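One predicted model, sequence on top.
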Amino acid sequence: MSLLMDTHAWVWWVTGSGRLSSRGKAAIRKASSQGELLLSAISVWEVGKLAEKGRLRFDRDAGSWIEKALEIPGLTLVPLTPAIACRACALPPSFHDDPADQIIVATARTEGANLLTVDDRIRRYPHCQTVW
């Protein structure tokens, strides 16, 4: 099964952060080796915004970091399609109102992927399969 990384999971994987769970690391390695590792295009925007606000700092400019971070073997960048955008606006009830999270969850649901996330709000959402 495909694995979609939440934005923080992608950043933590690329930077080698100790914050990524061992189960998450194993899931990334497996999905990567099978060509089933996914990233929502909205995550690229989120990283750019976090860098702009000074909440993320890299050893180079954000654009260069993003380009390099997208070179993970087996990683596929999932575009924000009209279908995903519409699905994000029509998620089953009880999901919170963060637009980026809505798009990420809609992407996972559209792709039939598990979502790698530490976010408790997403992990408690019964309409999305998660891994942590």
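Nice, thanks for sending it over.

which residues in this protein form strands?
All strands of the chain, identified by DSSP state E, fall at 3-5, 37-40, 75-78, 114-116, 130-131.

May I have the residues that are in contact with the closest residue to residue 104 other than its chain neighbours?
Among residues not flanking residue 104 along the chain, residue 40 sits closest, at 5.0 Å (Cβ to Cβ, 6 or more residues apart in numbering). The way it works is simple: take the backbone N, C-alpha and C, and place the C-beta from them, glycine included. By Cβ atoms under 8 Å, 6 or more residues apart in numbering, residue 40 lies in contact with 4, 78, 80, 103, 104, 107.

If we use 10 Å, what do you get?
By Cβ atoms under 10 Å, 6 or more residues apart in numbering, the residues touching residue 40 are 4-7, 10, 46, 77-80, 84, 100, 103-108, 110-111, 113, 115.

As JSON lines, the strands of the chain with distance to residue 68 and mean pLDDT would be great.
What follows is the strands of the chain, written out as JSON lines (distance: least, Cβ to Cβ, whole Å; pLDDT from 0 to 100):
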{"stretch": "strand 3-5", "distance to residue 68": "16", "mean pLDDT": "98"}
{"stretch": "strand 37-40", "distance to residue 68": "14", "mean pLDDT": "98"}
{"stretch": "strand 75-78", "distance to residue 68": "12", "mean pLDDT": "98"}
{"stretch": "strand 114-116", "distance to residue 68": "20", "mean pLDDT": "98"}
{"stretch": "strand 130-131", "distance to residue 68": "25", "mean pLDDT": "98"}
